[in-house]
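Trainee: Below is the sequence, then the predicted model.
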Amino acid sequence: VKTLFIVAHPHLEGSRANRRIVEAVKKVPDLSIHDLYSLYPDFHIPRHKEQNILMNFDLIVWQHPLLWYGMPPLLKLWLDEVLEQGFAFGEGGTALKGKKLLLSITTGGAESSYQSGATNLAPISDYLLPYRATANLCGMEWLSPRVFHHARRATDEQLEAFVTDFVSQLTQLCGK
Ligand SMILES: Cc1cc2nc3c(=O)[nH]c(=O)nc-3n(C[C@H](O)[C@H](O)[C@H](O)COP(=O)(O)O)c2cc1C
């Protein structure tokens with residue numbers, strides 16, 4: 001399995017969690033890091049180039065901080081441009097069929113804030129439904145998403161535990 005690790009963070013240099021995760025996954029075999037904000041700072045996404053890149057991978061990871069309950073704008077634009085009808089879905093749109101999609105997000109809110117009656121109103125899985133539907137529309141296999149909550153406040157130990165677990169999952173998937 002070859003992995004395309006797409007990271008979208010508007011300020012990766014000022015990041016704690018996403019930066020650490022990106023650093024750590026570099027040691028996973030057969031994994032390419034695709035840092036959207038450094039590749040396309042002008043928000044011009046070369047659709048066909050990106051589509052051709054995608055074809056070479058079996059596992060696609062989307063790594064990003066949760067921003068306003070969703071994905072950063074450049075990742076959204078990437079979806080709009082790259083997951084084109086006839087390529088990713090619709091008639092003849094089978095390019096991504098059978099590939100695995102693994103979403104990994106970090107949130108500012110604690111896990112306890114993601115429930116009914118709390119600040120963020122609903123469990124995090126509710127907010128991830130559009131991602132899951134996207135994977136489904138494209139015929140991709142939706143893997144259980146990874147969520148690192150309270151990303152700015154969590155202890156170093158919590159971050160390292162998350163990172164170790166994530167790296168070992170990716171390494172295991174890579175051997176399949
Ligand atoms: C514009 C903006 C919007 C955000 N929206 C949310 C949100 O909807 N829910 C949430 O839990 N955290 C939200 N946050 C917090 C980020 O998710 C958090 O700072 C990030 O996951 C930390 O990761 P990092 O250390 O890699 O930057 C937001 C942060 C910014 C800057």
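Mentor: Received, thanks. Residues are numbered from 1 along each chain as shown.
Trainee: residues touching the single nearest residue of the chain relative to the ligand, list them.
Mentor: Proximity of the chain to the ligand (Cβ to the nearest ligand atom) peaks at residue 108, 2.8 Å away. In short, each C-beta sits where N, CA and C put it, glycine included. Listed by Cβ atoms under 8 Å, 6 or more residues apart in numbering, the contact set of residue 108 reads 65, 66, 150, 151, 152.
Trainee: Any of these buried? List them.
Mentor: Neighbour counting with 16 or more other Cβ atoms under 10 Å marks 65, 66, 150, 151 as buried within these.
Trainee: any chance of those in a markdown table, with secondary structure and distance to the ligand too?
Mentor: Converted to a markdown table, the buried ones among the contacts of residue 108 look like this (DSSP: H, G, I helix; E, B strand; the rest coil; distance: Cβ to the nearest ligand atom, whole Å):
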| residue | secondary structure | distance to the ligand |
| --- | --- | --- |
| 65 | strand | 3 |
| 66 | coil | 4 |
| 150 | coil | 8 |
| 151 | coil | 4 |
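Trainee: Helix, strand, or coil at the residue of the chain most remote from its centre?
Mentor: Farthest-out residue of the chain from its mean C-alpha position, per Cα atoms, centre = their mean: residue 117, at 27.6 Å. Secondary structure, DSSP: H, G, I helix; E, B strand; the rest coil: residue 117 is coil.
Trainee: what about the helix ranked longest in the chain, near the ligand?
Mentor: Counting by DSSP state H, the longest helix found in the chain is helix 156-174. No - Helix 156-174 is not in contact with the ligand by Cβ under 6 Å from any ligand atom; minimum separation 9.1 Å.
Trainee: any chance you could map the helices in this structure?
Mentor: According to DSSP H, the helices that the chain contains are 17-25, 36-39, 47-55, 73-82, 124-127, 129-137, 156-174.
Trainee: can you tell which of the ones you listed is closest to residue 1?
Mentor: helix 156-174 (5.3 Å; Cβ to Cβ).
Trainee: Residues in contact with the closest one: which ones?
Mentor: Taking Cβ under 8 Å, 6+ apart as the rule, helix 156-174 contacts 1-3, 5, 16-17, 20-21, 24-25, 27-31, 59, 61, 100, 102, 104, 146, 148, 151.
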